[in-house]
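Participant: here is my input; please provide its structure:
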Amino acid sequence: MQVTKSAVFRGVPSFFRACCWEASKQRYGLDYSHPGRELARAVRGLEPYDVEPDDWERECDYLDFLVEEGERDRVLVWFVEHYPLCLARIPTRRRAKFIDGVFDLLGDQ
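Facilitator: As a prediction, this is how the structure comes out:
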């Protein structure tokens, strides 16, 4: 599945900024799995502006498939492609923790 330009979310939600700040300061014992869980929880509602709802639903279904298959690297690529400004807030060395959070949430569904 190839990502189209219109399937890119061009912002950073305020809740995600807060999650990243909490993780960076280790507030409440949180690490970078926290923003991963919260972005994964919101992903279906954070639809890029120029994408058709059915197309976004397919993209989200593909993310679910990648998680189901245990494709950690491809899940990271999915988030980098669709939410580049959000992932830019996750330090490279902490991205594995971010993906842990995604799998914590989506892997249980």
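
Participant: roughly how far is the longest helix seen in the chain from the heart of the chain?
Facilitator: What stands out as the longest helix in the chain, according to DSSP state H, is helix 53-68. Computed by CA atoms, centre = their mean, to the nearest Å, the chain-centroid distance of helix 53-68 equals 12 Å.

Participant: where's His90, which helix or strand?
Facilitator: That one is not His; residue 90 is Ile. Following DSSP states H and E, one finds Ile90 outside all helices and strands.

Participant: and the residue lying closest to it once chain neighbours are set aside, how many neighbours?
Facilitator: Sequence neighbours aside, Phe98 is the residue nearest to Ile90 in space, at 4.9 Å (criterion: CB to CB, 6 or more residues apart in numbering). Bear in mind the C-beta positions are built from the backbone N, C-alpha and C, glycine included. For Phe98, the count of nearby residues is 27 (other CB atoms under 10 Å).

Participant: residue contacts, the residue of the chain most remote from its centre?
Facilitator: In the chain, Tyr28 marks the outermost C-alpha relative to the chain mean, sitting 21.4 Å out by CA atoms, centre = their mean. Counting by CB atoms under 8 Å, 6 or more residues apart in numbering, Tyr28 touches Glu22.

Participant: that one and Asp104, how far apart?
Facilitator: 16 Å (CB to CB, to the nearest Å).

Participant: swap in Arg10?
Facilitator: 27 Å.

Participant: which one of the two is surrounded by more residues?
Facilitator: Each of Arg10 and Asp104 has its neighbours counted (other CB under 10 Å); Asp104 has more, 14 against 10.

Participant: please name the nearest non-neighbouring residue to that one.
Facilitator: Nearest residue to Asp104, sequence neighbours excluded (CB to CB, 6+ apart): Arg37, at 5.6 Å.

Participant: can you count the residues close to that neighbour?
Facilitator: Counted with other CB under 10 Å, Arg37 comes out at 20.

Participant: what's the pLDDT at it?
Facilitator: Arg37 carries a pLDDT value of 97.

Participant: in which helix or strand does it reside?
Facilitator: Counting by DSSP H and E, Arg37 is part of helix 33-42.
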